[in-house]
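**Q** Show me the folded form of this:
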Amino acid sequence: RELVGLVVLGGLVTLPLSATVGALLINYSGSPASYGSYWTSWYCSDLLGVLLLTPALLAWRTATFRPAVWRFAAREFEATVLLTSLIATLSLAYYFHWPQQTETLYLAFPFVIWASLRFGLRGATGVILINALLAAWFTAHGFGLIGSSRLSSSQKIVEILLSQGVFILVGLLPTIALAAQRQAEAALREKDRVYRDLIESINQSYYVADRHSRFTYCNPALYAMGEYSRDDLDGISCFRLVAEEDRARVMQAYRQWARDPAMTEVRCEFRAATKSGRRFWVEQATHFLRDHDGQVIEGRNVLRDITERRQAESRNRELVDYLNKAHDGIFVTDLHNRIIYCNRSIEHLTGWSAAEIIGHSPEELTGPSLVGQIQAVTAAVQATGTWQGEFQLTGKHGRTLTLATSITLIRDDDGEPTARLTIVTDI
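**A** This is a model prediction of the structure:
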């Protein structure tokens, strides 16, 4: 973009105006024919200066000149060899009039490529500038294809502009493309560094595995969780984290997911094993990165210790089992009076299954005859927190039951009501 702006704005907009004014001042009292020669010389000289100096100024404007000593010495030696070879090659070529059929300055192309690859845009602009200075000096002293010709001074300037302009544009375009590629690579490396710093600072375990399920990266949290070192996991199968009793199941599940191109986000729970043999439950969330053919390139995984959650779920299952063994009927309603849990004794007493009970209100199950009594009891529980009494209920089987009923309002840690617990006994 900068090169195009340089050529368009500099060469086609501002320079013709300056050449017109300059030629008018020089040829104020001269002939119109000489005015054209002055205008051409002025314009070509300015354009050549813009093409030569502006890229160099843009390339060197952020130079710091403070690299490391050992690196600077090596690059300084290489730069010295480059410049010496450039000056010697072009000087000999101009002096001995070689080659005869093409302009000598094109011998500098290999040096521009060398400078681009090793020193970037700054090196390329330096080589182009030195080449232009040599071309101008030798041409002015009658050397080279242009300098030894019988062209007038203005014609020689035009010829130099054309040859140098083509050389500058052709030499800078690949250099600029290479510089843009390097900038993109540097931005990508910086993005990867920030991403890596973020991953290593979180307390969640994270790792990356290749298409063969081998570790390619693990963050410190994973090493700490599994009690492993970097040497323990580097390059080995990620299924080593899985406890032996769950390994076959997890491997089968992940291989099946990997074969399905539609699967990009999956979750799996399993027991993990530390280096010392300790077992604990984890939930692993995996993002599959795939190529255009749907083949897995790598898997990015986050592990979360869910041991406490699994233990709580186990305790809840035990509690539900205890409640199901209770002789009394027990059910829980939310604040909207919808039943959210009932034990098996409720099913036996009423004849309704849990699927028929859950999600309904007691009024819907008992019919309109008890609606008024249930609403009054509900209001009393909300006001006092408890209620005890009797209900007569006709179940699904048609039998009428007299139920001793105790209702308690359940509150959370902040004292806010969350549900109502009801216990009934067939009397």
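**Q** State the next helix or strand along the chain beyond the lowest-mean-pLDDT helix or strand in the chain.
**A** Every helix and strand of the chain was ranked by mean pLDDT, DSSP states H and E. The lowest is helix 2-5, at a mean of 59. Going down the chain from helix 2-5, the next helix or strand is helix 15-26, by DSSP states H and E.
**Q** Go through that following helix and flag the buried ones.
**A** Residues of helix 15-26 classed as buried by neighbour count (16 or more other C-beta atoms under 10 Å): L15, A19, G22, A23. In this view, the C-beta of every residue, glycine as well, is placed from N, C-alpha and C.
**Q** Give me the pLDDT for the second one.
**A** On the pLDDT scale, A19 is placed at 71.
**Q** Next, count neighbours for D210.
**A** Applying other C-beta atoms under 10 Å, we find 15 other residues in the vicinity of D210.
**Q** Contacts only, for it.
**A** T216, I297, E298 (C-beta atoms under 8 Å, 6 or more residues apart in numbering).
**Q** what do you get if the cut-off is 6 Å, keeping everything else the same?
**A** Applying C-beta atoms under 6 Å, 6 or more residues apart in numbering to D210 gives the contacts T216, E298.
**Q** ok, now N337?
**A** Going by C-beta under 6 Å, 6+ apart, N337 touches S361.
**Q** please redo it, this time with the cut-off set to 7 Å
**A** By C-beta atoms under 7 Å, 6 or more residues apart in numbering, the contact list for N337 reads S361, T378.
**Q** Kindly provide the distance from it to R411.
**A** Shown here: N337 relative to R411, a distance of 17 Å by C-beta to C-beta, to the nearest Å.
**Q** try A272
**A** Look at A272 and R411: by C-beta to C-beta, they are 38 Å apart.
**Q** same thing with A184?
**A** 60 Å.
**Q** where do the strands sit along the protein?
**A** Along the chain, counting by DSSP state E, strands occupy 205-210, 215-218, 265-273, 279-290, 296-305, 329-334, 339-342, 386-394, 400-411, 417-426.
**Q** Reformat the ones you listed as CSV; add mean pLDDT and distance to L188.
**A** Converted to CSV, those look like this (pLDDT from 0 to 100; distance: least, C-beta to C-beta, whole Å):
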stretch, mean pLDDT, distance to L188
strand 205-210, 89, 16
strand 215-218, 87, 16
strand 265-273, 91, 24
strand 279-290, 91, 16
strand 296-305, 89, 16
strand 329-334, 87, 52
strand 339-342, 86, 52
strand 386-394, 83, 66
strand 400-411, 85, 55
strand 417-426, 87, 51
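**Q** can you redo those strands as CSV with distance to A108?
**A** CSV is the format used below for the strands of the chain (distance: least, C-beta to C-beta, whole Å):
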stretch, distance to A108
strand 205-210, 46
strand 215-218, 45
strand 265-273, 55
strand 279-290, 45
strand 296-305, 43
strand 329-334, 84
strand 339-342, 84
strand 386-394, 98
strand 400-411, 87
strand 417-426, 83
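**Q** which stretches of the stretch 51-200 of the chain have low pLDDT?
**A** Filtered on pLDDT under 70, the stretch 51-200 of the chain yields the residue ranges 58, 61-72, 97-106, 145-149, 152-158, 161-162, 165-166, 169-171, 173-179, 194-200.
**Q** contact partners of stretch 340-353?
**A** Under C-beta under 7 Å, 6+ apart, the answer for stretch 340-353 is 323-324, 326-334, 354, 357-358, 365, 395-397, 401, 426.
**Q** my bad, stretch 411-427
**A** With contact meaning C-beta under 7 Å, 6+ apart, stretch 411-427 is reached by 328-335, 349, 381, 401-410.
**Q** And for stretch 398-406?
**A** Residues from elsewhere that reach stretch 398-406 (C-beta under 7 Å, 6+ apart): 349, 388-395, 422-427.
**Q** do stretch 79-92 as well
**A** T104, L107, A108, F111, W114, A115, F119, V127, I130, N131, L134.
**Q** let's go with 6 Å and repeat that
**A** L107, F111, W114, L134.
**Q** What count of nearby residues applies to the closest residue to the last one other than its chain neighbours?
**A** The shortest distance from L134 to any residue other than its chain neighbours is 5.0 Å, reached at L90 (C-beta to C-beta, 6 or more residues apart in numbering). For L90, the tally of surrounding residues (other C-beta under 10 Å) stands at 21.
**Q** L90 and A136, how far apart?
**A** On the measure of C-beta to C-beta, L90 and A136 end up 12 Å apart.
**Q** do the same with T20
**A** 24 Å.
**Q** again with S369
**A** Distance, S369 to A136, using C-beta to C-beta: 112 Å.
**Q** And those two? Which one has more around it.
**A** A count of neighbours by other C-beta under 10 Å puts A136 above the other of S369 and A136, at 17 against 11.
**Q** which residue packs closest to the more buried one, ignoring adjacent ones?
**A** In space, A136 comes closest to I160 once its chain neighbours are excluded; the distance is 6.9 Å by C-beta to C-beta, 6+ apart.
**Q** What count of nearby residues applies to the one you found?
**A** I160 has 23 neighbours, counted by other C-beta under 10 Å.
**Q** what about it, distance to A132?
**A** Distance from I160 to A132, counting by C-beta to C-beta: 8 Å.
**Q** Equivalent analysis for D231, please.
**A** 57 Å.
**Q** if you count what's nearby, which of the two comes out ahead?
**A** A count of neighbours by other C-beta under 10 Å puts A132 above the other of D231 and A132, at 22 against 8.
**Q** That one and L52 touch, don't they?
**A** Yes. Between A132 and L52 a contact is recorded at 5.2 Å, counting by C-beta atoms under 6 Å.
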